[in-house]
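Novice: Here's my sequence, what's the structure:
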Amino acid sequence: EIGAGPNAEAYTAINEVRSRAGIPDLTAGLTYLQFRDSVLLERGIELAGEGHRRADLIRHGLYEEMMNAHLLATGQTNPTNVTEEYRLYPIPREELDLNPNMTPNPVNALAIH
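Specialist: Model (predicted):
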């Protein structure tokens with residue numbers, strides 16, 4: 001994430017993971033966004049089922065876009081329009097009861113995941 005584009009150290013790190021998986025090195029000369037998207041894709045594959053994808057997409061501002069695209073691509077007949085409030089988890093009732101200054105997250109909080 002530092003600088004305007006990936007450096008040699010970034011390529012070395014991602015290519016070590018790819019080599020361990022038996023796949024070719026990442027194409028050299030990618031732009032910052034191309035490299036970032038490649039790393040996010042690698043993390044999505046490498047860490048599938050470990051619960052990191054959602055946080056990665058939120059961190060990079062891609063959650064709503066990717067979730068809406070996924071819902072459309074999977075043939076949802078009435079897909080939910082995933083918006084910013086879907087980034088939030090509901091606050092447990094017990095926590096709300098203990099702190100009267102807290103308010104619940106929006107109704108749509110984590111309606112899909």
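Novice: longest helix of the protein?
Specialist: Ordering each helix of the chain by length in residues (DSSP state H) puts helix 32-46 first.
Novice: Return the set of buried residues in the helix or strand following that helix.
Specialist: On the C-terminal side of helix 32-46, the nearest following helix or strand under DSSP states H and E is helix 53-59. Within helix 53-59, the residues that count as buried by 16 or more other Cβ atoms under 10 Å are R53, D56, L57, I58. In this view, the C-beta of every residue, glycine as well, is placed from N, C-alpha and C.
Novice: The third one: what's it in contact with?
Specialist: Contact criterion Cβ atoms under 8 Å, 6 or more residues apart in numbering gives L40, Y63, M66, M67 as the residues in contact with L57.
Novice: Out of these, the closest to T74 would be?
Specialist: M67 (10.7 Å; Cβ to Cβ).
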